[in-house]
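# got a sequence here, can you build the structure:
(one chain, ligands or ions: 3)
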Amino acid sequence: CGVFGIYGHPKATEMAYYALFALQHRGQEAAGIASIDNGRMYNHRGLGLLAEVFAETQLDDLPGNSAIGHVRYSTAGSNTVQNAQPISFTTHEGPFALAHNGNLVNARSLRMLLERQGSLFQSTSDTEVVAHLIARAGLPTLTENVIEAVRMVKGGFAFLFLGKDELIAIRDPFGLRPLALGRLDDAFVFASESCAFETIGAKFVRDVEPGEMIVVSDKGMRSIPSGQRTKRAMCTFEHIYFARPDSDIDGWNVHTVRKQLGRILAERHGVDADLVVGVPDSSISAANGYAEESGLPVEMGLIKNKYIARTFIQPSSELRDSGVRLKLNAVRSIVAGKRVVLVDDSIVRGTTSRRIVRLLRDAGATEVHVRISSPPYKNPCHYGIDTSSRGQLIAATHSAHEICKEIEANSLEFLTVEETMEAFGLKDPHAYPFCNACFTGNYPTEVYEEDKLTYEN
Ligand code: 5GP
Ligand code: SF4
Ligand code: MG
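Ligands and ions are numbered 1, 2, ... in the order given. This next block holds a predicted model:
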C-alpha cells in the first residue's frame with residue numbers, strides 16, 4: 001500500500017490527490033482520502049484506481065487544511081469497500097482517521113482480545129484493530145492514545161493518523177516499511193515514497209526513523225522516539241521490486257540500487273549472449289546495469305501494455321495468469337536469431353518467467369538466459385508484501401536448476417543475499433540494516449503463522 005499525509009495547507013485534499021497518483025504503483029485495489037475541517041472528518045474511499053474512486057467526487061467535498069490518503073493492495077483482509085482506507089472513527093475526544101501501509105503479525109490475537117472485550121469490527125483488515133486500540137485507550141490526547149495503541153502492535157507498518165488538531169506519523173521499530181517526511185511551503189507532508197513529493201513540488205526533508213513517531217500540529221513538529229532498541233531492518237524488496245525508481249529510501253536511490261544489482265549479476269553470473277532484455281517496468285534499471293557491466297547492448301525486446309494493472313496485484317491467481325498474457329509482447333525484429341539475457345527482478349510463482357521465455361522463443365530468440373536481480377524468494381512476507389502462502393513460492397520447493405527447467409530457460413541464475421547487499425555497498429553480514437526474511441527465513445519479529453487474518457487470495 002501507499003500512504004500520504006499533509007498538515008497545514010490550504011489545498012490539502014488536492015495535494016493529497018495528486019501525491020497519491022505518484023504512489024499508485026503501490027496498490028490499485030482501493031483508494032481514499034480523509035480530511036478534517038473545523039473538527040469534522042470527511043472521508044471518501046472506494047474500490048479501484050484513484051481516478052476511478054474520485055471520478056464522481058469533487059475534491060471540494062473534502063474540505064480542510066489537513067488530509068491523509070491511501071492506495072491499497074490487500075495483504076490481510078479481502079478487497080471490499082469496508083477494507084478500503086483511510087478508516088475513520090469517532091472517539092470521546094473527536095474524530096480521527098487512520099491509514100496504514102504494512103501488515104501486523106499479531107492482529108488476530110489483538111482482535112480476539114478486543115472482541116472479547118466488546119469491540120465490534122466492520123472490516124477484516126488488521127488496520128481496524130489499531131483504531132479500536134486507540135478508541136479504547138481513554139487517555140486525554142490523540143497522541144497519548146496512539147502511543148498506547150501502537151505499543152501493542154507488532155509487524156511492519158507506516159501509520160498516518162489524522163485528528164482534529166494534529167497529524168501523527170509512525171514507522172515500525174525495524175523500519176520495515178518506508179516513510180518519508182517533507183515540506184510543502186509551510187505545510188508538513190509524509191509519504192511512503194519520496195517520488196510523491198516531487199509530484200507536488202514538496203521538498204524531501206528526511207526519512208522517518210524506525211520506531212519514530214512524528215506529531216505535527218499548529219505548534220510545529222515534535223519527534224518522539226520509540227524507546228525500543230531494535231536493529232534496523234528495512235525491506236530489501238522495496239528496492240528490488242516494489243518502489244518507484246525515482247524514489248530515495250533510507251538514503252539509497254532505488255534506480256541506482258537496481259542498476260548496481262544488474263552490474264553484479266553481469267559480473268558474477270554473466271553468460272555469452274547477443275543482447276540484454278529487461279522485463280518492463282521494474283527490471284529496466286537492472287537490465288541497464290547488466291548491459292553496462294557486460295558491454296552487451298540493451299534492447300527493448302519486450303513491450304508492456306501500460307494500461308493493464310500490475311498482474312501480481314490482481315487478487316485471484318486465475319486473474320493473474322490471464323493478466324500476464326495481456327500485458328507483454330516480444331519484439332520480433334529485435335530478438336529473432338539472438339541469444340538473449342533476460343533480466344527480471346524476481347521470481348515469485350514462476351508464472352511470469354515461463355510466459356516471457358516462451359514469448360521470446362516464439363519471437364525467434366535462439367537462447368534465453370534468465371538472470372534474476374534478487375535471491376530466490378523462498379519464504380512468505382509477513383510485513384505487507386503480498387506473496388501469498390509459501391506453497392505458491394516456486395523457490396520454496398524447487399532448486400534453481402529445477403526452476404530453470406520449469407520456466408524452460410537455457411540457464412537461470414539468481415543473486416545471493418551477500419551480492420544483493422553489496423549493491424548497497426554493504427559488506428558485513430552481521431550489520432545489514434535490511435530485512436531479507438523472504439530470502440533467508442530470518443524474520444526480524446516473531447511471526448505467528450496462525451495469527452494471519454484470512455488471506456483470501
Ligand atoms: P511470478 O510470475 O514469478 O509470480 O512473478 C514475478 C514477477 O512479478 C516479477 O516480474 C516481478 O516484477 C513481479 N513481482 C514480484 N513480487 C511482486 C509483488 O510482491 N507484487 C507484485 N505486484 N508483483 C511482484
Ligand atoms: Fe520485504 Fe521480504 Fe522482509 Fe517482506 S520478508 S519485508 S518482502 S524483505
Ligand atoms: Mg516484473
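
# which other helices and strands does the longest helix seen in the chain contact?
Ranked by residue count and defined by DSSP state H, the top helix of the chain is helix 254-269. Contacts defined by 3 or more C-beta pairs under 8 Å, 6 or more residues apart in numbering; DSSP states H and E place helix 254-269 against helix 284-294, strand 367-372, strand 411-414, helix 417-422. Where C-beta positions appear, they are placed from N, C-alpha and C, glycine not excepted.

# redo that, cut-off 7 Å
helix 284-294, helix 417-422 (3 or more C-beta pairs under 7 Å, 6 or more residues apart in numbering; DSSP states H and E).

# buried ones in that helix?
254-266, 269 (16 or more other C-beta atoms under 10 Å).

# okay if I get the helices and strands packed on helix 254-269 as TSV plus mean pLDDT?
TSV is the format used below for the helices and strands packed on helix 254-269 (pLDDT from 0 to 100):
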stretch	mean pLDDT
helix 284-294	98
helix 417-422	98
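
# so of the ones you listed, which one's packed in deepest?
Ranked by mean neighbour count, the helices and strands packed on helix 254-269 are led by helix 284-294 with a mean of 24 (mean count of other C-beta atoms under 10 Å).

# now for residue 431, how many residues are close by?
For residue 431, the neighbour count with other C-beta atoms under 10 Å is 10.

# again but with residue 115, I slipped
Neighbours of residue 115 using other C-beta under 10 Å come to 12.

# and for residue 304?
14.

# residue 280 is in contact with that one, correct?
Yes - using C-beta atoms under 7 Å, residue 304 makes contact with residue 280 at a distance of 4.0 Å.

# rewinding a little: nearest to residue 226, of the helices and strands packed on helix 254-269?
helix 417-422 (25.1 Å; C-beta to C-beta).

# packing partners for the closest one?
Counting contacts by 3+ C-beta pairs under 7 Å, 6+ apart, helix 417-422 packs against helix 254-269.

# extract the CA atoms of the helix it packs on and return them as CSV.
C-alpha atoms of helix 254-269 as CSV (Å, rounded to 0.1, in the frame of the first residue of the first chain):
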residue,chain,number,x,y,z
VAL,A,254,16.0,2.9,-6.0
HIS,A,255,17.1,3.1,-9.6
THR,A,256,20.8,3.3,-8.6
VAL,A,257,20.5,0.2,-6.4
ARG,A,258,18.7,-1.8,-9.1
LYS,A,259,21.4,-0.8,-11.6
GLN,A,260,24.0,-2.0,-9.2
LEU,A,261,22.2,-5.3,-8.8
GLY,A,262,22.3,-5.7,-12.6
ARG,A,263,26.0,-4.9,-12.7
ILE,A,264,26.7,-7.5,-10.0
LEU,A,265,24.6,-10.1,-11.9
ALA,A,266,26.7,-9.5,-15.1
GLU,A,267,30.0,-9.6,-13.2
ARG,A,268,29.3,-12.8,-11.1
HIS,A,269,26.6,-14.5,-13.2
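
# averaging pLDDT per element, find the lowest-scoring helix or strand in the chain.
The helix or strand of the chain with the poorest confidence is helix 317-327; it has a mean of 58 (mean pLDDT, DSSP states H and E).

# now residue 301: closest residue in space, sequence neighbours ignored.
Once flanking residues are discounted, residue 301 sits nearest to residue 277: 3.5 Å by C-beta to C-beta, 6 or more residues apart in numbering.

# so that neighbour is in which element?
Residue 277 belongs to strand 275-278 when assigned by DSSP states H and E.

# direction included, what does that strand pair up with?
Using DSSP bridges, the strands paired with strand 275-278 are strand 298-299 (parallel), strand 339-344 (parallel).

# ok, back up a step: ok, of the buried residues of helix 254-269, which one's closest to ligand 3?
residue 258 (11.7 Å; C-beta to the ion).

# got a list of contacts for the helix or strand where residue 34 lies?
According to DSSP H and E, residue 34 maps onto strand 30-37. Contact with strand 30-37 is made by 12-13, 16-17, 20, 41-50, 53, 62-64, 66-72, 79, 84-86, 88, 97, 162, 164, as judged by C-beta atoms under 7 Å, 6 or more residues apart in numbering.

# only the buried residues of it, if you could.
Using 16+ other C-beta under 10 Å as the test for burial, strand 30-37 gives 30, 31, 32, 33, 34, 35, 36, 37.

# and the residue nearest to residue 301, bridged to which residues?
On the basis of DSSP bridges, residue 277 takes part in beta bridges with residue 299, residue 342.
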